[in-house]
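In: I'd like to go over a predicted model; first the sequence, then the structure.
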Amino acid sequence: MNELYIGSHVSFNKKDQLVGSVEEALSYGSNIFMFYTGAPQNTNRSEIDKEITKKAHQMMSDNNIDKSKVVVHAPYIINLANNNDKYEFAINFLKEEIKRTEELGISLLVLHPGSHVGLGSNVGIENIIAALNRVIDSKTNVKICLETMAGKGSECGCTFEEIAMILKGMAYPDKVGVCLDTCHIHDAGYNVHDFDNILTQFDKIIGLSKLWILHINDSKNDMGSHKDRHENFGLGKIGFESLIHIIYHEKLKGIPKILETPYVTLNDTTKERLYPPYKFEIEMIKNQKMNHNLIKDIREYYKKD
Ligand code: FE
Ligand code: FE
Ligand code: ZN
């Protein structure tokens, strides 16, 4: 019986599609994963190949990947909070993204609530509610998970109260839940070192049964910085102990936990990010022991090929 569901962000390319994503996840020692169905910063999407999808699902069941806990991340350019000239496009694109997620046989979709861009958070939240209620209907088979945001710029959803307001407006409340991102809530001003208190607050304001996904990231910046810059596991302001406490928390058993920590650079001077850290971070998580040579080990491992 496996109670820890741990994985990372992986790629999804045109050619190998979901098979490529499963292979990448397995290479990190993951038993779940998350991916964008195309580039996150644009809405160009290719057709989903039925045969590849079938093969990927066979691979998942052969390798103990629980497909009910695999996650699609909607492109972050979809903004439902601002009802400008791109609002209709965003609504239609989200509808298509839900269809694609269903075609892939995936049931969890993470969505950034959106940025109000000067309209104020109340109007932003009203726009988000109206949009989601146009997107979700009785036939929607995907569960939408609203991500808690860092409060960068004019982001909506950077407090539990704002997330709760959106959830309260849902015509199909059973189809919408929450993805809690540790870097984002830390940057939004929550003290993640006292996670028991965070869960108490979350339960009171939103309800713990709504917590469907966790994004596990360290943060480069101080609590309340509103910066949203992820750091590798154990190397940021949240730190190893606090992240491990969250991952193995009694109340968070069975919830998929996804790493979105940054790729590692070739050396200390370049800014170009090359190597995925996930294999090594997942190893530390399983061992519950910090690897103080994390970056060095990653560079050495990937330099070989
Ligand atoms: Fe996200
Ligand atoms: Fe995230
Ligand atoms: Zn982030």
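Out: That came through fine. Ligands and ions are numbered 1, 2, ... in the order given.
In: Is the residue positioned nearest the centre of the chain part of a helix or strand, or is it coil?
Out: The centre of the chain sits closest to His215, judged by Cα atoms, centre = their mean, with a distance of 5.0 Å. Judged by DSSP: H, G, I helix; E, B strand; the rest coil, the three-state class of His215 is strand.
In: What about Lys204, how many residues nearby?
Out: 11 (other Cβ atoms under 10 Å). Just so you know, the C-beta spots here come from the backbone N, C-alpha and C atoms, and that holds for glycine as well.
In: Could you look up the SS state of it?
Out: helix.
In: Now do it against Gly177, distance only.
Out: 16 Å (Cβ to Cβ, to the nearest Å).
In: Contacts only, for the closest residue to ligand 2 within the stretch 51-200 of the chain.
Out: For the stretch 51-200 of the chain and ligand 2, the shortest gap (Cβ to the ion) falls at Asp181, measuring 3.8 Å. Contact analysis of Asp181 by Cβ atoms under 8 Å, 6 or more residues apart in numbering lists 147-150, 214-215, 217, 260.
In: Now do the contacts for Lys95.
Out: Applying Cβ under 8 Å, 6+ apart, the residues contacting Lys95 are Val135.
In: can you tell me the helix or strand for it?
Out: Element membership of Lys95, judged by DSSP states H and E, is helix 87-103.
In: If you drop the residues flanking it in sequence, what lies closest to the residue of the stretch 51-200 of the chain closest to ligand 2?
Out: His215 (3.8 Å; Cβ to Cβ, 6 or more residues apart in numbering).
In: Tell me the spacing between that neighbour and ligand 2.
Out: 4 Å (Cβ to the ion, to the nearest Å).
In: if I look at that residue, how far off is Ser225?
Out: With Cβ to Cβ as the criterion, His215 and Ser225 are 17 Å apart.
In: quick one: contacts for the nearest residue to Asn63 once chain neighbours are set aside?
Out: The shortest distance from Asn63 to any non-neighbouring residue, by Cβ to Cβ, 6+ apart, is to Leu26 (5.7 Å). Leu26 sits next to 59, 63, 65 when contact means Cβ under 8 Å, 6+ apart.
In: and the last one, what are its phi and psi?
Out: In other words, Ile65. Here is the backbone geometry of Ile65 (degrees, to the nearest 10): phi -90, psi 120.
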